[in-house]
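In: okay, here's the prediction I keep looking at, along with the sequence it came from:
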Amino acid sequence: MKKFSAMFVLLLAAAVSTAQDKSTTPPDTLINDQILDQEINGNLDSLLNLWYVQQSVDSNNLVVGIESDSIGLADYPDSFYIKRLQNINSLVDLPYNHIVKNFINVYTQRKKGQVEVMLGLTDYYFPIFEEILDQYQMPQELRFLPIIESALNPRAVSRAGATGLWQFMYGTGRMYNLTINSFVDERRDPIAASHAAARFLKDLYSIYKDWTLVIAAYNCGPGNVNKAIRRSGGKRDYWEIYYYLPRETRGYVPAFIAATYAYYYHRDHNIKPQPIDIPPTTDTLMVRDMLHLSQVAEVLNIPVDLLRDLNPQYKMDIIPAKDRPYILRLPLDAVSGYIDREKEIFAYKDSVFFNPKNVIAPSRYTASSQYDVPAGSIRYVYRVKSGDVLGSIAERYGVSIRQLRSWNNIRRNLIRVGQRLVIYIPERTANRMGIKSVNKTS
């Protein structure tokens, strides 16, 4: 392991405290369970915006009936949870208290449906994380961090702009050599971002020599952890500096512990991982010229959304391999077809896909968009209310977050109170909700 100079550690702490500070709320002296709950719910809901999740699970069922699912669950005594956490073989401490219990309740009772989907995703993502963590000789328990950060959604974007499975801020991503430009954002690349996260975590451990403090610093930056240590009088135990940390970070370690618990003991809470419709085996090819994902999708008859989810780093659906080669990930059974028809793929509609007028972000609405108005849907204008988020609105009206963004030209998930959103509601959902409109599509 390469040793770090004192100067490097100081520079790292200073730089990362600015670059990776994802907290926007100042600390106070009381836990706000509602806000922490909203943070978890937002991440869990965001994972539904994945093609292979939507293909496997009726997204409405992930919300409807959650409360009824929790009815009749046993309220186990504290000693029960303490013993179970102690039985987990973990290099990271997994203590139990009332804060941890609140988060365990969220994962095992109130959001069982989303957690079932998330556990299904671990079959795909955990082998990637585990191999990379092993390469850097890091604790395998750190594979749970992306569950807390993004609910295993590679396209998740936080309110502060942190992006990807590991939720890198722009500055931290660039510091760890992730490519971020108009076409590519490697913060969304599961492999590239995992390498960067492992290096970042390793650097943080060189500062704190304590994995719980490392996990806290990963969330809010070492600058905020250092401030909390100073304000506590020099204490270096997470729970002793707890109330000096930013509010969101206080819930971060308890959520990590709860996610670890839910992973190991989900069967005991009648949580069944949902099978995810994602290819069990994939392979990568090197692309050495400009290529549009739709060229591959249309020639090889592969859903373009599947290609987007396998290659989430390409923001515009374009692999900009002019000056350097880039990776294209495909289902294994499509690799031979790509190789056999490579020239045909590159030539297919190249004048259309690379016309500057057509090169726009896929999340914006166009006549050729994947998210055109569905036939037979009801046009409805919704006024945003206090407390609304895109995820809850999408779930209420039976559409996807991506559709809402596309129809309303929304960047990220930013909406404001009073804003009018156009929603094309499926006719069956509209009838059930008693919504009528003369603007029915055909």
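Out: Cool, the structure landed.
In: wait, residue 385 sits on residue 417?
Out: Yes. Using CB atoms under 8 Å, residue 385 is in contact with residue 417, at 6.6 Å. Glycine gets a C-beta too; all of them are placed from N, C-alpha and C.
In: now residue 322: phi and psi?
Out: As for residue 322, its main-chain torsions (degrees, to the nearest 10) stand at phi -80, psi -50.
In: got a list of what it touches?
Out: With contacts defined as CB atoms under 8 Å, 6 or more residues apart in numbering, residue 322 is in contact with 289-290.
In: gap between it and residue 171?
Out: With distances taken as CB to CB, to the nearest Å, residue 322 is found 26 Å from residue 171.
In: count of neighbours near residue 269?
Out: Counted with other CB atoms under 10 Å, the burial measure for residue 269 works out to 19 neighbours.
In: so what's residue 93 up against?
Out: Applying CB under 8 Å, 6+ apart, we find residue 93 in contact with 211-212.
In: quick one, strands of the protein?
Out: Listed in chain order, the strands of the chain (DSSP state E) span residues 282-287, 291-292, 318-319, 326-331, 378-383, 420-425.
In: so for residue 197, which of those sits nearest?
Out: If you check each of the strands of the chain against residue 197 by CB to CB, strand 326-331 wins as the nearest, at 18.2 Å.
In: average pLDDT across that closest one?
Out: If you average the pLDDT over strand 326-331, you get 95.
In: one more: stretch 257-264?
Out: Across stretch 257-264, the average pLDDT comes to 94.
In: contacts for that stretch, please.
Out: Identification of contacts with stretch 257-264 by CB under 8 Å, 6+ apart yields 81, 84-85, 88, 90, 94-96, 100, 103-104, 106-108, 115, 119, 122, 141, 144, 147-148, 269, 271.
In: in the longest helix along the chain, what's buried?
Out: Counting by DSSP state H, the longest helix found in the chain is helix 112-135. Burial within helix 112-135, assessed by neighbour count using 16 or more other CB atoms under 10 Å, is assigned to 112-122, 124-126, 128-129, 132-133.
In: do stretch 270-286 as well
Out: Buried residues in stretch 270-286, counting neighbours by 16+ other CB under 10 Å, are found at 271, 273-274, 276, 278-279, 285.
In: okay, now the residue lying closest to residue 319 once chain neighbours are set aside: neighbour count?
Out: Nearest residue to residue 319, sequence neighbours excluded (CB to CB, 6 or more residues apart in numbering): residue 291, at 4.4 Å. The criterion is other CB under 10 Å. On that basis, residue 291 has 23 neighbouring residues.
In: next one: residue 291 from residue 152, what distance?
Out: Between residue 291 and residue 152 the computed distance is 27 Å (CB to CB).
In: one step back: just the buried ones among the contacts of stretch 257-264, please.
Out: Neighbour-count burial within the contacts of stretch 257-264 applies to 81, 84-85, 90, 94, 96, 100, 103-104, 106-108, 115, 119, 122, 141, 144, 147-148, 269, 271; the criterion is 16+ other CB under 10 Å.
In: looking at the residues you listed, which are in helices?
Out: Using DSSP H, the members of the buried ones among the contacts of stretch 257-264 that fall within helices are 81, 84-85, 100, 103-104, 115, 119, 122, 147-148.
In: tell me which of those residues is nearest to residue 163?
Out: For these, the minimum distance to residue 163 (CB to CB) is 15.3 Å, reached by residue 148.
In: contacting residues around that closest one?
Out: Counting by CB under 8 Å, 6+ apart, residue 148 makes contact with 43, 252, 255-256, 259.
In: ditto for residue 265
Out: With CB under 8 Å, 6+ apart, residue 265 has these contacts: 84, 108.
In: how about the closest residue to residue 86 other than its chain neighbours, phi and psi?
Out: Excluding its sequence neighbours, the residue lying closest to residue 86 (CB to CB, 6+ apart) is residue 94, at 7.7 Å. Residue 94 has phi and psi values of phi -130, psi 70 when expressed as degrees, to the nearest 10.
In: quick one: which two of the contacts of residue 148 are the most distant?
Out: Looking at the contacts of residue 148 by CB to CB, the two members farthest from one another are 43 and 256, with 12.4 Å of separation.
In: from residue 248, how far out is residue 220?
Out: As judged by CB to CB, residue 220 and residue 248 stand 7 Å apart.
In: please read the previous query as pertaining to residue 109.
Out: Going from residue 109 to residue 248 by CB to CB gives 22 Å.
In: just checking, which helix or strand of this structure averages the lowest pLDDT?
Out: Confidence across the helices and strands of the chain bottoms out at helix 66-70, with a mean of 36, counting by mean pLDDT, DSSP states H and E.
In: so residue 109 and residue 248 - more neighbours on which side?
Out: Set side by side, residue 109 and residue 248 give different neighbour counts by other CB under 10 Å, the larger being at residue 248 (22 against 18).
In: number of residues surrounding the nearest residue to residue 135 once chain neighbours are set aside?
Out: Nearest residue to residue 135, sequence neighbours excluded (CB to CB, 6+ apart): residue 198, at 7.4 Å. Each residue near residue 198 was counted by other CB under 10 Å, and the total is 21.
In: from residue 144, how far out is residue 198?
Out: According to CB to CB, residue 198 and residue 144 sit 14 Å apart.
In: same check on residue 131?
Out: Residue 131 sits at a distance of 16 Å from residue 144 (criterion: CB to CB).
In: what do you get for residue 338?
Out: Taken as CB to CB, the spacing of residue 338 relative to residue 144 amounts to 35 Å.
In: run the chain-centre distance for the longest helix of the chain.
Out: Per CA atoms, centre = their mean, to the nearest Å, the displacement of helix 112-135 from the mean C-alpha position of its chain is 12 Å.
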